[in-house]
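A.B. asks: Here you go, sequence then predicted model.
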Amino acid sequence: MFSKWHYGMNVLKNLLAFQRRGGEVLFVNFNNLANTHSQSAIETPKEGVYLTASGIALELLSRSQAARVLKIDDYLPKVADEFQVQAAWDNQRRKLVLYVCNRTFERQNATFDLSALSEAFTKAQITTLAGEGPLAMNTLKNPNAIKRSVKNVEKLKTGDHYTIAADPYTFIQIVLEE
């Protein structure tokens, strides 16, 4: 199971939980970095190299601009929750980073209430990680089974609320900026 997308999404959920605890969260040793029978971020057989499902997850979050997690009123997710959302400012408080983690078999909608923020967001970069299901996994023959897509939106109008639809077994990072 360590090589499957189900586990990669578990890595994402756990890292979000650490981020919610506050303070500085840096990445620590993830078992071994390479070649531990898919319990690693990178597999390097002699025929080639590819990122595992966990490696895809770690790649996205290691480059995230999220620095200061925001409290969402009346929302206290648990690590075990299969559907989670999170919001955080970047260090300069110019970009709002939203996360939607849907580790269920159903499409889920997440609506973020932005009415308390004075910023008007006009741009978004939406990065989605998705597998065809919980058992999807990258392999040497199919190193892109876990898909990563990036969509840039100019002329965005969020208003007081911003809603994102998350397909089954997807992790979405939305970076909103003025």
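C.D. replies: Looks like it came in fine. Residues are numbered from 1 along each chain as shown.
A.B. asks: elements contacting the helix ranked longest in the chain?
C.D. replies: Using DSSP state H, we find that the single longest helix of the chain is helix 5-20. Where contact means 3 or more CB pairs under 8 Å, 6 or more residues apart in numbering; DSSP states H and E, helix 5-20 is packed against helix 53-62, strand 83-89, strand 95-102. Every C-beta, even on glycine, is put in place using the N, C-alpha and C of the backbone.
A.B. asks: Need the residues that contact stretch 138-150.
C.D. replies: If you take CB atoms under 8 Å, 6 or more residues apart in numbering as the criterion, stretch 138-150 is touched by 3, 5, 8, 43, 45, 47-48, 50-53, 55-56, 60, 125-132, 136-137.
A.B. asks: Show me what the mean pLDDT comes to for that stretch.
C.D. replies: Mean per-residue pLDDT for stretch 138-150: 93.
A.B. asks: repeat for stretch 61-76
C.D. replies: 87.
A.B. asks: Give me the below-cutoff pLDDT ranges for this structure.
C.D. replies: 1-2, 23-39 (pLDDT under 70).
A.B. asks: how near is the residue nearest the centre of it to Lys71?
C.D. replies: By CA atoms, centre = their mean, the chain has its centre lying nearest to Phe171, at 4.6 Å. The gap separating Phe171 from Lys71 is 21 Å, by CB to CB, to the nearest Å.
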